[in-house]
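Asker: Below are the sequence and a predicted model for it; my questions follow.
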Amino acid sequence: MNNVKKSTALLPMITLMTFLASGLLAHSATKAQQTLQDKADRQERINVQVAHHLDTYEELSAQAKDWDHGFRHINEAKDVLGLYRLLNLRRFGLASDLGQFHLTSDSPFLVKKQHIGLIEVCVASQGDRLLVQAEDYTKLMQGLGEMARAEDITFDGLTIYGDRELGEAELSNVCMLLRDRGDA
């Protein structure tokens, strides 16, 4: 009988311990569920960021291909003749004296003081100017207009000679923008 009294006396204590254990388990389960939910939310944010970076990379990849097609590689010019061919005045209906054609300077092309993978290669045929000719003045004007719109060629001065048999003009600071990165 003494054993029955002892077990009955322990019953409230067992009930209290069971209640506390249930509360602790419920709290732990809630905390575990919240931890899992936080991890799932973090993973979702990471997935969104990765998807954004992949989209950005794919867009840049397309632009890199355009870049490669828009600018020729500097390795295509092994000598002065190679530079003359890269300038390709014929695409504008223009010509220049190859015998006088020479390099005046080359330097990295900078944007906001950052090298962007282009080299500015400047050329001339008369001192520091490039003398160009066309069959007549109409073709000269058309050619100069096309040359001014070319993204890979720059010049900052123009003198047109109206007293010549052929259409002639002198351009100052004629430079080509050539890639120095990637495949040739």
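Answerer: That came through, no problem.

Asker: Run through the bridge partners of Ile119.
Answerer: Note on Ile119: beta-bridge partners Pro108, Leu178, judged by DSSP bridges.

Asker: how close does it get to Leu103?
Answerer: Computed with CB to CB, to the nearest Å, the distance linking Ile119 and Leu103 is 11 Å. To be clear about C-beta, it is placed using only N, CA and C from the backbone, and glycine gets the same treatment.

Asker: Comparing the two, which residue is more hemmed in?
Answerer: Comparing Ile119 with Leu103 by other CB atoms under 10 Å, the one with more neighbours is Ile119, at 19 against 13.

Asker: who's in contact with that one?
Answerer: Counting by CB atoms under 8 Å, 6 or more residues apart in numbering, Ile119 makes contact with Ile74, Asp106, Ser107, Pro108, Phe109, Leu177, Leu178, Arg179, Asp180.

Asker: just the buried members of these?
Answerer: Taking 16 or more other CB atoms under 10 Å as the criterion, what is buried in the contacts of Ile119 is Ile74, Asp106, Phe109, Leu177, Leu178, Arg179, Asp180.

Asker: Using a markdown table, lay out the residues you listed together with distance to Val123.
Answerer: Shown next, in a markdown table, are the buried ones among the contacts of Ile119 (distance: CB to CB, whole Å):
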| residue | distance to Val123 |
| --- | --- |
| Ile74 | 13 |
| Asp106 | 10 |
| Phe109 | 15 |
| Leu177 | 12 |
| Leu178 | 11 |
| Arg179 | 17 |
| Asp180 | 17 |
